[in-house]
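Chemist: My questions concern the predicted model and sequence given below.
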Amino acid sequence: MGDRSAILPQIRKALEEGGERAGRFRRIAEIIREGAGYRWVGLYEVAGEEIALVAWSGPSEPAHARFPVSEGLCGEAVRRRATIVVGDVRLDERYLETLGSTRSEIVVPILNVVTGRARGLLDVESDHVDAFTAEDRTLLERCASELAREVSPSPG
């Protein structure tokens, strides 16, 4: 496990750096995964009725790079505008399988600071049941707040 205290300053630095958005977001996914010792971290954007993968860090790409906001735990986080934590995804009918070995998942919406609408998602998955603590939730919600400051492109 890395240094959790360095995650937020590193995210801020990555957001300030130039270059393409997808590259910066790949770096941010890596910062979060390595800094907190997570197995898999994904960053998604929400455009209209669709959720689309922007960047990820972990052992493999998820099975669904795009899906409707009506599906999965990610869709639930968008609709509720709230963090969703599931201790055992095998017991949750909302779960949309992305990595076959996932057992628990936390999805944090990245909310528009003006409208409050979800414009993105921070998704973290573990191959252990009940992997996420209140500390993880607090950390990831702080990461999402930093990401909310990033200007998203117009859907299109």
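Modeler: Received the coordinates, thanks.
Chemist: does residue 94 really touch residue 77, like I thought?
Modeler: No: if you go by CB atoms under 8 Å, residue 94 and residue 77 don't touch, sitting 10.0 Å apart. Heads up, the C-betas are built off the backbone N, CA and C, glycines and all.
Chemist: Compare those two (neighbour count), which wins?
Modeler: Per other CB atoms under 10 Å, whichever of residue 94 and residue 77 has more neighbours is residue 77, with 26 against 13.
Chemist: In a strand, the more buried one, correct?
Modeler: No: under DSSP: H, G, I helix; E, B strand; the rest coil, residue 77 falls outside any strand and is assigned helix.
Chemist: Quick one: distance of stretch 27-36 to the chain centre.
Modeler: Using CA atoms, centre = their mean, to the nearest Å, the mean C-alpha position of stretch 27-36 is found 11 Å from that of the whole chain.
Chemist: wait, stretch 24-40
Modeler: 10 Å.
Chemist: Please work out which residues outside it touch it.
Modeler: Applying CB atoms under 8 Å, 6 or more residues apart in numbering, the external contacts of stretch 24-40 come out as 1-4, 6-7, 10-11, 14-15, 17, 41-43, 54-59, 99, 102, 122, 124-127, 136, 139-140, 143, 147.
Chemist: Quick check on residue 63: phi, psi?
Modeler: Main-chain torsions, residue 63, degrees, to the nearest 10: phi -70, psi -30.
Chemist: which residues touch the spatially closest residue to it that is not a sequence neighbour?
Modeler: For residue 63, ignoring the flanking residues on the chain, the nearest one in space by CB to CB, 6 or more residues apart in numbering is residue 98 at 5.1 Å. By CB under 8 Å, 6+ apart, residue 98 lies in contact with 42, 62-64, 125.
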